[in-house]
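In: Need a 3D model of the following:
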Amino acid sequence: RKIAIFVSYSGYGYQGMQRNKGCKTIEGDLEEALFKAGAIAESTFGDPRKIDWARAARTDKGVSAAGQVVSGRFFVDPPGFVERVNSHLPKQIRVLGFTRVTGTFSAKNLCDRRRYEYVLPVFALDPASHRVESPTIEAANPGDNLGEAITSEDVEEDTTSTTGTTTGRFTPTCTCTSSDLETGFTFGDEERAKLTKILQNYVGTRYFHNFTCRVKPEDPSTQRYITSYEAGEVFTIQGCKFVRCTVIGQSFMLHQIRKMIGLAVAVMRGDAPETIFERAFRRDTKIGVPMAPELGLFLDECLYTAYNQRFAGSHEEVSLKSFEKEIAEFKTEVIYPHIASTEAKDGVFARWLHGLTKERYPD
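Out: Numbers count the residues shown, from 1 in each chain. Predicted structure coming up:
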């Protein structure tokens, strides 16, 4: 029968959601668990087209999800489907439940909007935090007006050995709890309003060719519609203060959200003028945009408003309403602690901030 399966997972250690031969992916582990649980026949295992497999969103390497949706034709009987599948999955991947859907349902094609959350440490918004007086890494495109700022991946390759020992030119550390004491910076109502105002630059229909990669500016797929983008209140995980940045849009391109956050942080810290957004959306302009670390990003929910309205009388809603408690627990026990502990251990955001400099983004 055609069903929609609701899944939560931590993307740590995975090369993304989408199956990719030779790589460890969420879909790969989920498909194998479904097969072992008897939900996929041996004759169709390994060929997603035969079971009409579809995912709502293709999360990238290291990116987590609280409310991913996968649809397909699976055997759900006898009772105990969820428990059987979870028994074959690692703890960082959990099937929450499922609902029966129409025969033509597609988790990808019928998803109206997708909501993502980016959890940003407050110290990253402090203009005085993690400054480097003389940046040692050149812009990726020195001939451009704006060179690409260094990403967390670039610093990782240059400064950290496979054992985790820092060997590079600087040794940034996480200052989750020391920022307020050292600089006097606090993220209150005024700062929250300022960050939300910056994020509002993305709302509406825009051309995001500068917020992805390997796509030409004239490609029509770069036009995307963002419904809302807001900064939330400060909350604390393991002694570290964070702020949620929540974006809702129809669909997103590769690295788009991480680059939107990256540029917003650069503007918030005073490393780029707010007028940069006008240039970033111009199709005749190619600029470098900093890409925030993958660590803070996760898919929060996939929304099916039109489908639910159309089939309200014959099918159950495709929504997370029945799993709010389980999702809240997964965020609290898995996703948020991983973000905080990884930052405390590896200083991912701290390293990334060393690449944000005013020299890269002139007025």
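
In: In contact with residue 12, which residues?
Out: 62, 64, 92, 338, 342 (Cβ atoms under 8 Å, 6 or more residues apart in numbering). Glycine gets a C-beta too; all of them are placed from N, C-alpha and C.

In: let's see it at 6 Å
Out: residue 338 (Cβ atoms under 6 Å, 6 or more residues apart in numbering).

In: CA atoms only for stretch 184-193 - export them in CSV, please.
Out: Provided in CSV are the C-alpha atoms of stretch 184-193 (Å, rounded to 0.1, in the frame of the first residue of the first chain):
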residue,chain,number,x,y,z
GLY,A,184,29.7,42.9,26.7
PHE,A,185,27.6,41.6,23.8
THR,A,186,24.1,40.3,24.5
PHE,A,187,21.4,39.1,22.0
GLY,A,188,18.3,40.8,23.2
ASP,A,189,15.1,42.1,21.6
GLU,A,190,16.9,44.8,19.7
GLU,A,191,19.5,42.4,18.2
ARG,A,192,16.8,39.9,17.4
ALA,A,193,14.8,42.5,15.5
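
In: in it, what counts as buried?
Out: Residues of stretch 184-193 classed as buried: 185, 187, 191, 192 (neighbour count, 16 or more other Cβ atoms under 10 Å).

In: ok, the residues you listed vs residue 43, which is closest?
Out: residue 192 (54.7 Å; Cβ to Cβ).

In: and the gap between that closest one and residue 198?
Out: Noted for residue 192: a distance of 11 Å to residue 198, by Cβ to Cβ, to the nearest Å.

In: Kindly report the same for residue 26.
Out: 32 Å.

In: Tell me which of these two has more neighbours.
Out: residue 26 (28 against 20; other Cβ atoms under 10 Å).

In: gap between residue 351 and residue 295?
Out: From residue 351 across to residue 295, the span is 11 Å (Cβ to Cβ).

In: To clarify, my last question referred to residue 242.
Out: Note on residue 242: its distance to residue 295, by Cβ to Cβ, is 11 Å.

In: what kind of secondary structure is residue 201 in?
Out: For residue 201, the secondary structure call by DSSP: H, G, I helix; E, B strand; the rest coil comes out as helix.

In: Can you give me the neighbour number for it?
Out: Residue 201 has 20 nearby residues by other Cβ under 10 Å.

In: thinking it is in contact with residue 277, fair?
Out: Yes - taking Cβ atoms under 6 Å as the definition, residue 201 is a contact partner of residue 277 at 4.3 Å.

In: Double-check that residue 258 belongs to a strand.
Out: No - when classified by three-state DSSP, residue 258 is found to be helix rather than part of a strand.

In: so how far is residue 213 from it?
Out: Distance from residue 258 to residue 213, by Cβ to Cβ: 11 Å.

In: what about the strands in the stretch 51-200 of the chain?
Out: Taking DSSP state E, counting those that start in this stretch to define them, one finds strands in the stretch 51-200 of the chain at 54-55, 64-73, 93-100, 113-121.

In: would a markdown table of the ones you listed with mean pLDDT and distance to residue 262 be doable?
Out: Listed next are those as a markdown table, based on pLDDT from 0 to 100; distance: least, Cβ to Cβ, whole Å:
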| stretch | mean pLDDT | distance to residue 262 |
| --- | --- | --- |
| strand 54-55 | 98 | 25 |
| strand 64-73 | 98 | 18 |
| strand 93-100 | 98 | 28 |
| strand 113-121 | 98 | 10 |
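
In: highest average neighbour count across those strands?
Out: Each of the strands of the stretch 51-200 of the chain was scored by mean neighbour count; the highest is strand 64-73, a mean of 26, by mean count of other Cβ atoms under 10 Å.

In: could you check the angle strand 93-100 makes with that strand?
Out: 40 degrees (axes from the mean of the first three to the mean of the last three Cα atoms, to 10 degrees).
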